[in-house]
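S.K.: I would like the atomic coordinates for the input below:
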Amino acid sequence: MPRETERQKTTDELMELYLFNLLLGLGTESSDSSDSESDTNSDTSSSTSSSGDSEFAHLVGEGVIGMLKELWKERYQEEMREIPKTDINLQLLLTVYKTTWADIFQSYLRVTPSCFDALHETIKEHPVFHNNSNHPQRPVDEQLAIALYRFGHYGNAAAIVKVALWAGIGYGTVRDVTIRVMTALCDERFRRAAMPWPDAAQIEQAKLWVEGHSCSAWRDGWCMVDGTLVPLFQRPHHFGNTFFDRKSNYSMNVQIINMPDLRIIDYGIGYPGSQHDATAWKSCRIPNEHNQLLGSNEFVWADSAYPLKSWCQAPYKEPESLLDNNKTHNFHVSAIRIRSEHCMGYLKGRFSSLRDLRLRIDKQKDLTFACLWIASCIHLHNFALHHSNNTNPETDQFFIEGQQLMLQECREQAEWAQTQMDIGEDDTLDIEERVELIEGRLKREELKERLLEYLAERNVQ
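M.R.: A predicted model of the protein is given here:
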């Protein structure tokens, strides 16, 4: 439940006193009426006492009402104290650090100075940053810096109070600034610019990468999908139990579809952490527009959690007689699918708020805000990847930080898997899902055979 203020507690206590006094007064009047009917010759002192009790109850009620009026007369109970603030830190970051100490600037805002300038030029003309008020907004570059600082930090460092004191602005201004920047980043035009569907040349480059890490028969699987959990710092009050995931945390399920170059081309957000990846995947664009986006022979790499059709394959187990073939097959599949973990690690390594989302989810509006927060980070990931000065993402400091995070998540996943019982196919699957599983297995068998043929021919040569 939301936190109860001291004023609300005092109000509840006064209301209980008022109701108790009211019931006591009604009980006294009822007793007086009963006594007058049973004994018309009652003593005068008794009548005087009853009259005094009624008058006292009336005075108590008036006193309680007066205290409630006084309690709610002012908006704030405590005397306002001015907190000294300064924007020197923010100005120092945007001037000296930006031009002289790029590494310090990048550690604060999680993007390079050149990427920051490009992002500022892209969104500064958005209508959300312009109004006709007599009190103009802060400069767009300052608003962008504050939002990026929040996206790139987690835990206490991302608390509104800490951000406000660091930037020298009000607590409410921090949220207003973040909302404006998120509005610009989630605008349809910016989303299309940051996440365009890859052209033929980019798809061919991705296919060449897959072919180089496997065989020519696998080159049509040029993208991969996987799910990740974005932990929440507290239990949501909006259907909170549904956010409880298998790791005993409250989280949100995020589906990421990326290419080998770590660029995200599609995503799915909005589902709670308890939701299965196969269900969350269906909210993405690719499974709903497969015929328009992918060719007839193209497919998506995924793990066994996805009961998909023939365009999605994963490592699997077979009888002991084919164990060696399984190891060969799974080794090459893992070499391709590892790019999903690399992408998610890069995303969380750069925008650390996704490691522990410090947002209260008390109603539907708060859930929408959290989804837009995640979407903003994904759009920024693509934008920063495109404008990065580093041509090799794997040497980026955020990529390295993300890999350490993903290794920890993999260890936790392995520990969780060891505690689970080995079970067969889920009996709760409907007919359509069972057909998808069978089609996927048939396609997997075909790809496995073609891989083994390719490796055998290469060994002969």
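S.K.: what ranges in the chain fall below the confidence cut-off?
M.R.: The chain contains residues with pLDDT under 70 at 1-3, 26-53, 307-326, 389-391, 409-445, 455, 459-461.
S.K.: okay, now the domains of it?
M.R.: Domain assignment for the chain by automatic domain parsing gives 1-21+56-78, 88-185, 197-460.
S.K.: now for the ones you listed, which one comes closest to Arg191?
M.R.: Across the domains of the chain, Arg191 has its closest neighbour in domain 197-460 (5.9 Å, C-beta to C-beta). To be clear about C-beta, it is placed using only N, CA and C from the backbone, and glycine gets the same treatment.
S.K.: about what we covered before: the domains of the chain into JSON lines, with extra columns for mean neighbour count?
M.R.: Putting those into JSON lines (neighbours: other C-beta atoms under 10 Å) gives the following:
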{"stretch": "domain 1-21+56-78", "mean neighbour count": "12"}
{"stretch": "domain 88-185", "mean neighbour count": "17"}
{"stretch": "domain 197-460", "mean neighbour count": "17"}
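S.K.: in JSON lines, list the ones you listed along with distance to Arg191.
M.R.: Output for the domains of the chain, formatted as JSON lines (distance: least, C-beta to C-beta, whole Å):
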{"stretch": "domain 1-21+56-78", "distance to Arg191": "33"}
{"stretch": "domain 88-185", "distance to Arg191": "8"}
{"stretch": "domain 197-460", "distance to Arg191": "6"}
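S.K.: the helices in the stretch 201-350 of the chain, which residues?
M.R.: With helices called from DSSP state H, counting those that start in this stretch, the stretch 201-350 of the chain shows them at 277-281, 285-288, 290-293, 323-350.
S.K.: same check, this time on the stretch 51-200 of the chain
M.R.: Going by DSSP H, counting those that start in this stretch, the stretch 51-200 of the chain shows helices at 88-92, 98-100, 102-109, 113-123, 140-151, 160-167, 171-185, 188-194, 200-212.
S.K.: to Gln364, which of these lies closest?
M.R.: helix 171-185 (16.2 Å).
S.K.: send me the closest one as PDB with only the CA atoms.
M.R.: Provided in PDB are the C-alpha atoms of helix 171-185 (Å, rounded to 0.1, in the frame of the first residue of the first chain):
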ATOM      1  CA  TYR A 171      12.600  17.600  -7.200                       C
ATOM      2  CA  GLY A 172       9.500  18.000  -9.500                       C
ATOM      3  CA  THR A 173      11.700  19.500 -12.200                       C
ATOM      4  CA  VAL A 174      13.700  16.200 -12.400                       C
ATOM      5  CA  ARG A 175      10.600  14.300 -13.300                       C
ATOM      6  CA  ASP A 176       9.300  17.000 -15.700                       C
ATOM      7  CA  VAL A 177      12.600  17.100 -17.500                       C
ATOM      8  CA  THR A 178      12.800  13.300 -17.800                       C
ATOM      9  CA  ILE A 179       9.200  13.100 -19.200                       C
ATOM     10  CA  ARG A 180      10.100  15.700 -21.900                       C
ATOM     11  CA  VAL A 181      13.200  13.900 -23.000                       C
ATOM     12  CA  MET A 182      11.400  10.600 -23.100                       C
ATOM     13  CA  THR A 183       8.600  12.200 -25.200                       C
ATOM     14  CA  ALA A 184      11.200  13.200 -27.700                       C
ATOM     15  CA  LEU A 185      13.000   9.900 -27.700                       C
END
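S.K.: in JSON lines, list the helices of the stretch 201-350 of the chain along with distance to Ala184.
M.R.: Compiled in JSON lines, the helices of the stretch 201-350 of the chain are given as follows (distance: least, C-beta to C-beta, whole Å):
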{"stretch": "helix 277-281", "distance to Ala184": "27"}
{"stretch": "helix 285-288", "distance to Ala184": "22"}
{"stretch": "helix 290-293", "distance to Ala184": "27"}
{"stretch": "helix 323-350", "distance to Ala184": "19"}
